[in-house]
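> build me a model from this:
(one chain, ligands or ions: 1)
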Amino acid sequence: MTQLKDLELRVQELVTLLEASNQLNSNIEMGEVLENILLQMVQVVGAEAGTLWVLNKERQKIKAVAAYGPSAFNILNLELEMDEGIVGKVIGTGEAQLIENVASHPNWANRVDHSSGFVTKSMITVPLAVKGQVLGALQLLNKKDIAFFSEQDISLAVALANQSALALHNSQMYDELQRMLLSMIRTLAKVLDARDPYTAGHSERVAKYSLWIAEKLGFDAQSYEELYKAALLHDIGKIGIPDDILRKPGRLTNDEYTAIKKHTIIGADILSNIEPKDAMVQAIQIALSHHERLDGSGYPHGLVGEEIPFLAQIVGVADAFDAMTTARSYSAGSSFESGAEELLRCKDTLFDGKVVDAFATILQDCDYEVEQYEAQLGRGYRL
Ligand SMILES: [Fe+2]
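Here you go, the predicted model:
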């Protein structure tokens, strides 16, 4: 190989590695990260097609999470048994395989070709391993232009695989962390709501309505998922309100009402102690300002109009709606239809018009059957 060609390869390799690590930093979806890594690998090594297989230990399967090439669509999401095919062998042993003629190989699982219509001739399969733990395998199929992959190709694939294994590992950790965080927040909200039998499920419903409104208003997925988490914590400050006030069945005295209002300030205070601080800004705003109203009649600070953070206005509408439509000790709770009418009546005086319109449209569209709306969304929210 000429020096120039070698250098070109190194540059390409470096760019691939850099991009892979940048993508990880930007926290984009794991599927997208893997797809890009695979595409870069296929291009650098010069293969016709490629597949990235990830081991799912819980399900005892190996799944094609990214695929590139003429039959990619048929291969994506295909599942293999743990010990199936060359992929299974590479994952089991942690050793790379360079196969010149796939058809005559004893481990060849030709059902992948059968189901995809692709004809595999030569193949490189390298393990994706981090700290001795195999997470999956990368497979590059059919060297372009010439018949076989070279030893040089395999070393390049191994180097790239190590990098993508790291990206995969980090993404899995990130995903796991997010799942853990969300379930911790949900549990906390549930425990919080359970203190008062009349507010069971309140935080979860408010968070769900807030998410729907944000989606309707055109927020991107990451923003409304963040809002969902923050909205779950909107009443966290109720931890600091004594039971006898929080659970009092009758009318509250002025002093008791003053005490209840403090849950906003207490909540913001609790959340502002969590690190990293810049990740908590929205949750703090929501906890502090979800009872503020456009005309300044809300609490704790009597903010007016745009002084109220927009996310807090969304959660404020969702919160008011849930308070109206669930039974309390002092009322049976309105129907969803009259809840929506009430929001529309207070549009632009108490609540932001865009937010109310978005929510009222959602409610009308599902004929006030929110379970139906949830079911028809059915797009597998990760939430
Ligand atoms: Fe509240």
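> so where's this protein uncertain?
Applying pLDDT under 70 to the chain picks out residues 1-30, 275-276, 329-330, 376-383.
> output the longest helix belonging to it.
Secondary structure of the chain read by DSSP state H shows that its longest helix is helix 151-194.
> which secondary structure elements does it contact?
Helix 151-194 is packed against helix 3-25, helix 30-45, strand 97-99, strand 123-130, strand 133-143, helix 202-216, helix 221-232, with contacts defined by 3 or more Cβ pairs under 8 Å, 6 or more residues apart in numbering; DSSP states H and E. To be clear about C-beta, it is placed using only N, CA and C from the backbone, and glycine gets the same treatment.
> now the ones you listed in a markdown table, with mean neighbour count and distance to Asp357?
What follows is the helices and strands packed on helix 151-194, written out as a markdown table (neighbours: other Cβ atoms under 10 Å; distance: least, Cβ to Cβ, whole Å):
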| stretch | mean neighbour count | distance to Asp357 |
| --- | --- | --- |
| helix 3-25 | 13 | 37 |
| helix 30-45 | 20 | 33 |
| strand 97-99 | 18 | 59 |
| strand 123-130 | 24 | 48 |
| strand 133-143 | 23 | 46 |
| helix 202-216 | 23 | 9 |
| helix 221-232 | 21 | 17 |
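> and the protein, what are its domains?
3-173, 195-377 (automatic domain parsing).
> mind putting these into a markdown table with distance to Ala189?
Listed next are those as a markdown table, based on distance: least, Cβ to Cβ, whole Å:
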| stretch | distance to Ala189 |
| --- | --- |
| domain 3-173 | 24 |
| domain 195-377 | 4 |
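> wait, which of those is closest to Ser183?
Among these, domain 195-377 comes nearest to Ser183, with 10.8 Å by Cβ to Cβ.
> one step back: so how far is the longest helix of the chain from its chain's centroid?
Taking the mean of its C-alpha atoms, helix 151-194 sits 11 Å from the chain's own mean (Cα atoms, centre = their mean, to the nearest Å).
> make sure I have this right: Asp319 is in a strand.
No: under DSSP: H, G, I helix; E, B strand; the rest coil, Asp319 falls outside any strand and is assigned helix.
> contact partners for the closest residue to Ile154 other than its chain neighbours?
Leaving out its chain neighbours, the residue that sits closest to Ile154 by Cβ to Cβ, 6 or more residues apart in numbering is Leu98, at 5.1 Å. Listed by Cβ atoms under 8 Å, 6 or more residues apart in numbering, the contact partners of Leu98 are 123-124, 149, 151, 153-154.
> quick one: which of those is nearest Ile266?
Of those, the one sitting nearest to Ile266 (Cβ to Cβ) turns out to be Ile124, at 59.2 Å.
> is it true that the closest one touches Ser155?
No: using Cβ atoms under 8 Å, Ile124 is not in contact with Ser155, being 10.3 Å away.
> tell me which element the residue nearest to Glu342 when sequence neighbours are not counted falls in.
Computed as Cβ to Cβ, 6+ apart, the closest residue to Glu342 that is not its neighbour in sequence is Met324, at 6.0 Å. According to DSSP states H and E, Met324 maps onto helix 310-325.
> name the helices or strands packed onto that helix?
The contact analysis (3+ Cβ pairs under 8 Å, 6+ apart) places helix 310-325 against helix 202-216, helix 221-232, helix 281-289, helix 336-345, helix 353-365.
> still on that earlier bit, pull the most distant pair out of the contacts of Leu98.
Met123 and Glu151 (14.4 Å).
> before we move on, back to that, how far does the helix holding Met324 sit from the chain's center?
Relative to the chain's own centre, helix 310-325 is displaced by 23 Å; criterion: Cα atoms, centre = their mean.
> the helices and strands packed on helix 310-325 into JSON lines, with extra columns for distance to Lys238?
Below are the helices and strands packed on helix 310-325 laid out as JSON lines (distance: least, Cβ to Cβ, whole Å):
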{"stretch": "helix 202-216", "distance to Lys238": "10"}
{"stretch": "helix 221-232", "distance to Lys238": "13"}
{"stretch": "helix 281-289", "distance to Lys238": "10"}
{"stretch": "helix 336-345", "distance to Lys238": "22"}
{"stretch": "helix 353-365", "distance to Lys238": "23"}
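> nearest to Ala159, out of the ones you listed?
helix 221-232 (31.4 Å).
> right, and the helix or strand after the closest one?
Next element after helix 221-232 (DSSP H and E): helix 243-246.
> alpha carbons only: can I get that next one in PDB?
C-alpha atoms of helix 243-246 as PDB (Å, rounded to 0.1, in the frame of the first residue of the first chain):
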ATOM      1  CA  ASP A 243     -50.500  15.900  57.000                       C
ATOM      2  CA  ASP A 244     -53.200  17.600  59.000                       C
ATOM      3  CA  ILE A 245     -53.300  20.500  56.500                       C
ATOM      4  CA  LEU A 246     -52.600  18.500  53.300                       C
END
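> what sits up against it?
Helix 243-246 is contacted by residues 195-196, 238, 252, 256, 259-260 when judged by Cβ under 8 Å, 6+ apart.
> let's see if you can find the most crowded of those.
Lys238 (22 neighbours; other Cβ atoms under 10 Å).
> in this structure that one contacts Lys262, no?
No: at 9.7 Å, Lys238 and Lys262 do not qualify as touching, with contact defined as Cβ under 8 Å.
> quickly find the element holding the closest residue to Ile236 other than its chain neighbours.
Counting by Cβ to Cβ, 6+ apart, Gly267 is the residue found nearest to Ile236 once chain neighbours are left out, at 4.6 Å. Element membership for Gly267, per DSSP H and E: helix 263-271.
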